[in-house]
Structures are given as structure tokens and as C-alpha cells.
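sequence? don't have it. structure:
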Ligand SMILES: CC(=O)SCCNC(=O)CCNC(=O)[C@H](O)C(C)(C)COP(=O)(O)OP(=O)(O)OC[C@H]1O[C@@H](n2cnc3c(N)ncnc32)[C@H](O)[C@@H]1OP(=O)(O)O
Ligand SMILES: CC(=O)C(=O)O
């Protein structure tokens, strides 16, 4: 089967998303990553829009890309001018990209309302913009904006706009579902009519306003489209663009279409996360194929079955897209979840050992009290080790006190914690200040323990989340604290629950410290 050409517009349409913006240097790094992923075209921006996009086209020439072509985006010429005098068309040529993509109007309503010109004049805009660009750029792509809405409103005129693009020499005509309102069942009949009207290669560009952008792209491929536009992680204007992180594996693994190779497909998840990172956005954990939860199993029945055969609850093998199977523990767990976790933590546990059932019951009891271990696997590992009696007593806390005071209305509050710990036979009594009561307690705990366990200095608190559990008791409600800690080798999550926020934080902090000590000891043992 012929190659499906992947066209990524993360750097153009992706940046039209609320909250997404990239520096020029980041755009270049993303282009390099997309090239490694095997993307055939990268739309780098609209040089007629802003200096940053002009700089991108200048800078991208300095990096070596293996196979991708760089496309510059713009519109057809303005009315009442000629392409050679149109500022936007001139900047497209001056950017010297491998490819130019311009969008033009298909929908008669848009021609009348947005451009306020005649239908005939719009055909001239399309024809002479493309014909001019074809003389100056090696490859020219035409994005037929609002194609599907335009076709539904006035099919004859919509097809005339495509013919104008074909007559001008466009190398590919891309049918755009600009407002994202088209549903998959509508595509086959429309595509059949388009194929009767034009013979140029066809592409698809969809938006996700009806949650159908990926589905529409795949249906289009099934009906002969050879060029697919989309963005990484589905970034894009309003509800986003068709998500290439879902389209690529579907094409490759389910539809048997040639697009990227196996090794490139394995880099899908890491590329997705790289782009989230540069966009400074938290990855969507529920994202298909590449999200943390895409292959995370929670229900006991599911966990039991995947251990017998992964395909029972997994639609592909996660490693094909660089993801992994995960087993979660919660009050929906069965013994299979406990055994899977024991294996992950390298803890010997026999399914017939009554301790397995005891751990399961303890887990359910604790979840009922408000604990949640999905984001706090380190606390769950400690719970297992405690139940098995294999957790070494590194230290015990005899007691602590936290004082939070604001002495004058116009002064910052002061937080101070004192703590008494026992390590071996020795008692250590320390005090520390902090920016807030939890920070003061954390500082006092570390100060007391660092003398005995200097490796604690390597440990950092990376995230701290407080959740008020819905008991309707206002400030007297139960709180759950989740802490994420890390050192040079990894990150781990711990949890505490109490009707006192300091006490809940204390539990999560102590678990985080004990986990660090357990982890280092296990590593030493090899
Ligand atoms: C479907 C899409 O995603 S298309 C891409 C949308 N992305 C963007 O708009 C981001 C980049 N845009 C920009 O930086 C600016 O809008 C610019 C520089 C392109 C234009 O800025 P301005 O000249 O101030 O115009 P403005 O932003 O108000 O856009 C309206 C103009 O675009 C014209 N226009 C819109 N679509 C087209 C088209 N396909 N062909 C020609 N002109 C067009 C309108 O006729 C109007 O021109 P007029 O003011 O002369 O009547
Ligand atoms: C071209 C484009 O971005 C659109 O029609 O949505």
C-alpha cells in the first residue's frame, strides 16, 4: 500500500491553542524531534504573521534534518492586489521553505462574510496565488479551508475552488474540517464526489470540536486520502487538531499503512512528552496510546486476565509506542493486583500466603479512610513490607510540635517545628524554621536524620498536593496529602490522611524519607 504522508502542524496550528506557545529555539528542537519520529512535513509557522516565525525559517536551515520537509504557511493573496505585491505571499517566498502551504476559502458564506468579495474573485485569489507560488517554490500545498461545510452548503462552488487549485498546479489539495463539526459517516460520500472532480493527491486536516478529528482522518485514509495533517498531543485552535499520537499508531498497527518505521513508532511516547515539556504543560495521563493511564489496569478482574495474557485488556502491545503496562492498586483491586505490585517491587509473595489477603483487606480499609495509593506507590510498598515484617526500623518519631504565628498584622507569619527522633539507641532533638508549617516540619525531620543518614540530603520534595475529602465538614474535613519526592535516580509518591493537615503531611513526609532509605539499602544489596 502507498505511503501515507504525515504533515505535522504543531508549530503552526498547535500554537493557535490556548496556553501553547514556543520560543524559536524550542520550535527548532521540536522540528528535530519530529524529524527523528519520521514526520514527512513540518509546518513551522506563518512567516507573514510575526518575527518569531520568520526567525524559525532562518534558523531551521542551520540544523540538519534527515528526511522531513519544512513548510511555511499563509493565505491566498488579499483582494485588490497581485501575488507579487502581496506582503504575505512575498514573505512566504522569502522564507525559502521546502514547501509552501496556503489556505483559501471554499465556503460561499465565508467568501461573502469574511472576505466580502464575489465568488468569482475568490476563485481568482486561489488560482493566481498558487500559480505564482508554483513558479517560486518546489512544492505547493493547498488547504481548502472549511471544505466540508462549504461542500454541504454549495457543492458545486466548493468543487470549483478545488479545480482552481488543481489548475494552478497545487501538488496536494487538503480538505479541511476547519470548524470540526463533520461526523465520520458524512465523509465517504463527499470524498467520492471530490475524487470524481479532481485528480490531484488529496489530504485531510481536521479539528476536534465534535471529538471526531482522529476518526475523520482515518476514514479519509480508508477512502483514498494520502496526506494527513495533525498535531502532536492534539494541540490546536479551540478543542484542538487531529492528534498525530493517535493517528500514527492507528495507521501503522491497525490499518497496515506505511508511515513511520517500528523504531520511530517506539519513540512516539517520548516525543509526545518532550513536546508537553517544552510547552510547559502537564501531559494528559488519559491520552490514547501515549498517556500514563493508556495501559494502566485498576480492576482486579482486568489485572488477573492481563497477567494470563496481556491482549485480554490491551488493544496493542504498549511497548510498540514506547509505553508500558502498569498495575494500579485501589479498593477495586483483587489479589492479582497485590501480586503484580509485589513482583514490581521485587517482594516475594505467594498467592496462597494468607498475608496476600491481609494486605488486600488492609488496602481496602485504608482507601475507605481516604488513602489513595495510585499516586503513592512508595507508601503502598512500605505497607506491604510492614505487613510482611521485612521493613527495617530506620528511626522512630517520639513527637513533634509545629508553631505557626503572625505576631503583627503587617508581618509575614513565622513557622517553626521541633521534633524528637530515636535512631538506634540515640535520641535527637532538633528545631527548624520554614516557609510554612509543612516546610518547617520537613526541615526539622531532615535536620534530625541527616546526621545518621546523610543520603537524605540528595532527596528533594518535588510536588505537594492537598485534597479535602468530601465530608462536608468545612475546615474540619479530612485531608489527604500526596507528596512526590525525588533524587538523582528517580521519583516516588507517598500519602498521608488525617483530619489535621499537618499530621497528614507528616505521615507522607515520613514515608518519603523511609522509602528513600529502603531504596538505597536495596540498591546496595544489588
Ligand atoms: C483556519 C486557520 O487556522 S487559518 C490560520 C489562522 N491563524 C492566524 O490567524 C494566526 C496568524 N495571523 C496573523 O498574524 C494575522 O491575522 C495576519 C498577520 C495574518 C493578518 O493580520 P491583519 O492584516 O491585521 O488581518 P486580520 O488578522 O484582521 O485578518 C483579517 C484579514 O485577513 C483576510 N483573509 C482571511 N482569510 C483570507 C484568505 N484565505 N485569503 C486572503 N485573505 C484572507 C481578510 O479578508 C481580512 O483582510 P482585510 O482586513 O483586508 O479585509
Ligand atoms: C487550514 C486550517 O488550519 C484549517 O482549515 O483549519
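That came through, no problem. Source: prediction; values computed, not measured. Ligands and ions are numbered 1, 2, ... in the order given.

Indicate the residue of the protein located nearest to ligand 1.
Residue nearest to ligand 1 within the chain (CB to the nearest ligand atom): residue 49, separated by 3.2 Å. C-betas here are computed from N, CA, C, even on glycine.

Alongside ligand 1, which residues does the chain contribute?
Contacts of the chain with ligand 1, taken as CB under 6 Å from any ligand atom, map to 13, 16, 46, 48-50, 75-76, 78, 103-105, 114-115, 125, 145, 178, 237.

Stretch 451-458: which residues count as buried?
Neighbour-count burial for stretch 451-458, with 16 or more other CB atoms under 10 Å as criterion, is recorded at 453, 456.

just stretch 363-375 next, same as before
Result for stretch 363-375 [16+ other CB under 10 Å]: buried residues 363, 366, 367, 370, 371, 372, 373, 374.

Please name the residues that touch residue 207.
Going by CB atoms under 8 Å, 6 or more residues apart in numbering, residue 207 touches 177, 178, 179, 180, 213, 236, 237, 238, 239, 240, 241, 242.

Now do the contacts for residue 376.
Residue 376 touches 482, 493, 494, 495, 508, 511, counting by CB under 8 Å, 6+ apart.

What sits closest to residue 334 if chain neighbours are left out?
Using CB to CB, 6 or more residues apart in numbering and skipping residues adjacent in sequence, the residue nearest residue 334 is residue 300, 2.5 Å away.

That neighbour and residue 374, how far apart?
Residue 300 sits at a distance of 14 Å from residue 374 (criterion: CB to CB, to the nearest Å).

ok, now residue 284?
Applying CB to CB to residue 284 and residue 374 gives a distance of 16 Å.

Contacts for the helix or strand that contains residue 271, please.
Per DSSP states H and E, residue 271 falls inside helix 268-279. For helix 268-279, contacts defined as CB under 8 Å, 6+ apart pick out 10, 19-22, 26, 29-30, 33-34, 36-37, 232-233, 235, 245, 248-249, 282-283, 287, 289-290, 321-323.

If you count contacts, what does the host helix or strand of residue 505 end up packed against?
In this assignment (DSSP H and E), residue 505 forms part of helix 501-525. Where contact means 3 or more CB pairs under 8 Å, 6 or more residues apart in numbering; DSSP states H and E, helix 501-525 is packed against helix 377-388, strand 396-405, helix 437-450, strand 460-468, strand 479-487, strand 490-498.

The same query, at a cut-off of 10 Å, please.
Packed against helix 501-525 by the contact rule (3 or more CB pairs under 10 Å, 6 or more residues apart in numbering; DSSP states H and E) you find helix 377-388, strand 396-405, strand 414-423, helix 437-450, strand 460-468, strand 479-487, strand 490-498.

In TSV: the ones you listed, plus mean pLDDT and distance to residue 157.
What follows is the helices and strands packed on helix 501-525, written out as TSV (pLDDT from 0 to 100; distance: least, CB to CB, whole Å):
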stretch	mean pLDDT	distance to residue 157
helix 377-388	96	59
strand 396-405	95	70
strand 414-423	96	70
helix 437-450	96	65
strand 460-468	91	55
strand 479-487	95	57
strand 490-498	95	57
